[in-house]
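Visitor: Got a predicted structure plus its sequence, pasted below:
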Amino acid sequence: MPAPLRLRLDGDALVQNWRTLDRMSGTAACGAAVKANGYGLGAIEVANRLADAGCRDFFVSNWQEAAELAPLGLTVSVLHGVREEDMPAAAAGFARPVLNTPTQVARWKGTGGGACDVMVDTGINRLGVSVDDIAAGLLDGLQIETLMSHLACADEDVPMNAEQRDRFAALAGATAAKRMSLANSAGIALNGYAFDLTRPGLALYGGVPRAGLADAIKFVVTIEAQILQCRRVRAGQTVGYNAIWTAPADTEVAILNLGYADGYFRGFSNCGTASAGGIAMPVIGRVSMDLVAIDVTSVPAVHEGTWLALDFALPDAAAVSGMSQYELLTSLGGRYSRVWR
C-alpha cells in the first residue's frame with residue numbers, strides 16, 4: 001500500500017558527499033559507516049550507491065547488520081566485535097570483526113582467527129583494547145587489517161583531539177596492522193588525522209558535525225507528508241494536546257500524517273516549519289505520535305491529499321528541535337516510503 005509519508009533521498013548528493021570526504025581524506029582511503037540501517041536511509045541502497053562511486057570499506061555495528069549486506073559482496077567491518085553467539089556468522093566470512101576486548105581477541109585466536117580489525121582506546125573510554133594491552137603483546141599473532149581508534153571530541157576544538165591523535169600515532173609499527181584509521185566525519189575536517197583510512201558517517205547523509213564542512217556537504221533527506229484534513233480554526237481556539245497554541249486570528253490549518261513515531265519529534269512543536277512552493281509555513285501546537293498541524297493560511301491552494309515538505313536541513317533541524325543531527329537521522333521510522341532519485 002502507498003504510504004502517506006515519504007523520504008525523498010538524493011542519491012547524487014550522497015555520492016557527492018562521499019567524494020568530497022574522499023578528497024578531504026587526502027592519500028587515505030575513505031570508507032563509509034552504514035550502521036543503523038545507513039543512518040536511517042536504508043543500508044543496502046546507501047552501500048550500493050557508494051560502492052558504485054568507489055567506496056571499498058564499510059562499517060556496521062553488529063553481525064545482524066553485516067548479514068543484511070552480505071549479498072552485496074562488500075568489505076564490511078563489524079564495529080562491536082564478536083560475541084560467542086556471533087562466531088557462526090563470523091566463520092561464514094562475509095565480514096571482519098573489529099576486536100574490542102581481550103576476551104574477543106582470545107575468542108578469535110582460539111578459533112584459528114583470520115583477518116580482523118582491532119579497536120584501541122585512546123581516550124574515549126568506550127570500546128577498545130588498551131595501549132598497555134598492545135604493549136604487553138595481546139595482539140601478537142593476529143592478522144590485523146586495520147588498527148582503529150575513535151575521537152571523542154572531533155566536533156570541538158579541544159586539546160583532547162591532538163592528545164588522542166598522538167597516542168594513536170605512537171602505535172605505528174607496534175602491531176601487524178596493514179592500515180591505521182582514526183577520523184570520523186568531523187575528524188576528516190581536522191588536519192593530520194586521516195592516517196590510512198577514514199570512516200565518515202553523519203556527513204555522508206547531509207549532517208554537518210563541524211562548521212568547516214557546512215559549505216561542502218549537500219543535504220540528502222527531505223521529509224514529505226500528506227495532508228489528511230484541512231480545517232479553519234477560529235481566533236481564540238487552540239490546536240493539539242495541552243492547547244499550547246492559540247489562534248491569534250482565523251487560521252487555515254492542515255493536519256499531516258506524521259508524528260514523533262516517525263522521528264518527527266515533539267521538539268518541533270510550535271517551532272518546526274513546512275514548505276510548499278517555496279513558502280514557509282509554521283508547525284503549530286504539539287507534535288503528537290502520528291499527527292502534525294501546519295498553519296497553511298499563506299498557501300491557500302493546499303487541500304486534502306496535498307504533500308508538504310518538512311524543513312529538515314540537519315544542522316537547522318537540530319538547533320530547532322533540541323535533538324542531535326544523529327538522533328534526527330537514525331530515528332526516521334519504518335512507516336516512510338523511501339524514494340531515491
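Guide: In hand now; what should we look at?
Visitor: Looking at the protein, which strand is longest?
Guide: Longest among the strand segments of the chain by residue count, using DSSP state E, is strand 221-233.
Visitor: For it, which helices and strands make contact with it?
Guide: strand 5-9, strand 251-257, strand 307-310 (3 or more Cβ pairs under 8 Å, 6 or more residues apart in numbering; DSSP states H and E). Glycine gets a C-beta too; all of them are placed from N, C-alpha and C.
Visitor: Backbone dihedrals for the residue nearest the centre of the chain, both of them.
Guide: Closest to where the C-alpha atoms of the chain average out (Cα atoms, centre = their mean) is residue 39, at 3.5 Å. Its backbone dihedrals place residue 39 at phi 50, psi 30, with angles given as degrees, to the nearest 10.
Visitor: Pull the contacting residues for it.
Guide: Contact analysis of residue 39 by Cβ atoms under 8 Å, 6 or more residues apart in numbering lists 33, 46, 201-202, 204-205, 326, 329-330.
Visitor: swap in residue 107?
Guide: Applying Cβ under 8 Å, 6+ apart, the residues near residue 107 are 82, 84, 87.
Visitor: how many neighbours does the first one have?
Guide: The one in question is residue 82. For residue 82, the neighbour count with other Cβ atoms under 10 Å is 27.
Visitor: how close does it sit to residue 114?
Guide: Residue 82 sits 11 Å away from residue 114, going by Cβ to Cβ, to the nearest Å.
Visitor: what residues are shared contacts of those two?
Guide: Any residue near both residue 82 and residue 114 by Cβ under 8 Å, 6+ apart counts here, and that gives residue 108.
Visitor: hang on, the earlier thing: generate JSON lines for the contacts of residue 107, with distance to residue 150 and pLDDT as supplementary columns.
Guide: As requested, those are exported to JSON lines (distance: Cβ to Cβ, whole Å; pLDDT from 0 to 100):
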{"residue": "82", "distance to residue 150": "18", "pLDDT": "97"}
{"residue": "84", "distance to residue 150": "24", "pLDDT": "96"}
{"residue": "87", "distance to residue 150": "25", "pLDDT": "96"}
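Visitor: from these, which single one is nearest residue 162?
Guide: residue 82 (32.0 Å; Cβ to Cβ).
Visitor: tell me the secondary structure for that closest one?
Guide: Three-state assignment for residue 82 (DSSP: H, G, I helix; E, B strand; the rest coil): coil.
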